[in-house]
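Chemist: here's my sequence, what's the structure:
(one chain, ligands or ions: 1)
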Amino acid sequence: MNTVFLNGAFLPLEEAKVPVLDRGFIFGDGVYEVVPVYSKVPFRLDEHLARLERSLAAVGIGNPYTREQWRGYIAALVARQPFEDQAVYFQVTRGVAKRDHAFPKHAQPTVFMMSNPLVPPPAAQVESGAAAITARDNRWLRCDIKSISLIGNVLLRQLSAEADAVETILFREGKLTEASSSNVFVVKDGTIQSPPKNELILPGITYDVVVELARANGLPLEFRDIAEAEVRAADEIWVTSSSKEVLAVVRLDAQAVGDGRPGPLFRQMYRLYQDFKRKVMRAGRRESVSV
Ligand code: PDD
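Modeler: Numbering: from 1, shown residues only. I've put the predicted structure just below:
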């Protein structure tokens with residue numbers, strides 16, 4: 001039976017219950033994180049905890065635990081799962097209170113964590129690439145906060161699910177932002193490009209790893225606004241996230257991207273990413289790209 005964590009206690013999933021007046025349930029009033037775990041070693045945990053701290057601060061929810069406590073609880077949750085590679089999900093809501101939009105005065109944040117098997121894209125998909133569609137980015141203007149209010153992302157992702165595609169790539173006012181649950185890179189004439197980090201995209205931890213690997217290996221890299229037409233004319237398109245890692249998009253709205261196969265820079269980055277993961281696993285906590 002899957003063991004989960006709720007407000008300081010480890011218990012079977014079936015026994016984890018939250019009151020219906022929890023503001024996470026009523027308002028989607030909370031933030032979350034997803035951390036990939038390889039061979040029971042969390043990948044870039046400090047970076048995920050730093051992003052959680054930023055999300056909590058941005059929405060005015062007090063952080064219920066110190067970094068040390070978070071690390072300890074996450075390690076204990078990971079140790080309790082029978083599988084090696086995991087996706088640890090954790091969320092903090094503003095807590096339980098009588099329904100009122102304004103913040104309650106005395107609510108205690110609710111903390112829930114679970115860990116599921118981490119399932120990276122199948123080898124055949126990495127080899128052949130995936131399909132994506134596009135849509136207008138109609139989410140709110142604070143996409144840098146990892147909010148549990150995901151209705152916008154959910155509706156956008158459903159569009160690609162119905163089109164048998166892995167992602168929905170988003171444009172706001174004609175410019176690339178990100179995808180429904182991943183960041184986006186494009187390659188044109190040998191240069192890797194991505195939108196700069198701002199309030200319109202989630203600052204992805206995988207995005208950072210890709211950027212560091214590109215820099216460490218001398219691959220040309222540019223952060224700038226990317227017009228929709230440039231995305232459609234790109235040689236390569238990649239999506240990145242903790243669960244997708246780096247995945248090539250080879251069809252966009254049923255049009256071939258480049259020659260319709262994962263490109264050379266994707267292959268290089270994919271290899272670098274896998275090598276880096278293995279190095280991290282061997283090295284335990286040492287996680288900088290230069291080691
Ligand atoms: N999604 N952009 C959005 C909107 C996301 O939801 C995610 C992650 C990312 C990539 O972030 P990272 O590299 O830190 O995983 C970008 C997670 C995995 C999820 O919601 O399940």
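
Chemist: now do the contacts for Arg23.
Modeler: Asp29, Gly30, Thr93, Arg94, Gly95, Val96, Ala97, Pro104, Ala107 (C-beta atoms under 8 Å, 6 or more residues apart in numbering). No exception for glycine: its C-beta is placed from N, CA and C like everyone else's.

Chemist: now swap in Asp164 and tell me
Modeler: Ala131 are the contacts of Asp164 under C-beta under 8 Å, 6+ apart.

Chemist: got it, and the one 3 residues further on?
Modeler: The contact partners of Glu167, taken as C-beta under 8 Å, 6+ apart, are Ala130, Ala132, Ile133, Arg157, Ser160, Ala179, Ser180, Ser181, Ser182, Val239, Val249.

Chemist: okay, the strand or helix carrying the fourth one in CSV with CA atoms only?
Modeler: In the assignment (DSSP states H and E), Arg157 maps to helix 151-162. This file holds the C-alpha atoms of helix 151-162, laid out as CSV (Å, rounded to 0.1, in the frame of the first residue of the first chain):
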residue,chain,number,x,y,z
ILE,A,151,-7.6,24.7,-14.4
GLY,A,152,-6.0,26.7,-17.2
ASN,A,153,-3.2,24.2,-17.6
VAL,A,154,-5.6,21.3,-17.4
LEU,A,155,-7.9,22.6,-20.1
LEU,A,156,-4.9,23.4,-22.4
ARG,A,157,-3.4,20.0,-21.8
GLN,A,158,-6.7,18.3,-22.6
LEU,A,159,-6.6,19.9,-26.1
SER,A,160,-3.4,18.0,-26.9
ALA,A,161,-4.6,14.8,-25.2
GLU,A,162,-7.6,14.8,-27.5
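
Chemist: so which bits of it are buried?
Modeler: Gly152, Asn153, Leu156, Arg157, Ser160 (16 or more other C-beta atoms under 10 Å).

Chemist: name the nearest of those relative to Arg71.
Modeler: Asn153 (27.8 Å; C-beta to C-beta).

Chemist: didn't the closest one look like it was pressed against Glu178?
Modeler: No - look at Asn153 against Glu178 with C-beta atoms under 8 Å: they stay out of range, at 9.8 Å.

Chemist: top of the contacts of Glu167 by number of neighbours, please.
Modeler: Ala179 (29 neighbours; other C-beta atoms under 10 Å).

Chemist: is that one in contact with Thr168, as I believe?
Modeler: Yes - using C-beta under 8 Å, Ala179 is in contact with Thr168, at 6.0 Å.

Chemist: which neighbours do the two share?
Modeler: Ala132.

Chemist: let's have the contacts of Glu167 in TSV, adding distance to the ligand, secondary structure and pLDDT.
Modeler: Putting the contacts of Glu167 into TSV (distance: C-beta to the nearest ligand atom, whole Å; DSSP: H, G, I helix; E, B strand; the rest coil; pLDDT from 0 to 100) gives the following:
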residue	distance to the ligand	secondary structure	pLDDT
Ala130	16	strand	98
Ala132	14	strand	98
Ile133	16	strand	98
Arg157	9	helix	98
Ser160	13	helix	98
Ala179	7	strand	99
Ser180	6	coil	98
Ser181	4	coil	98
Ser182	5	strand	98
Val239	9	strand	98
Val249	14	strand	99
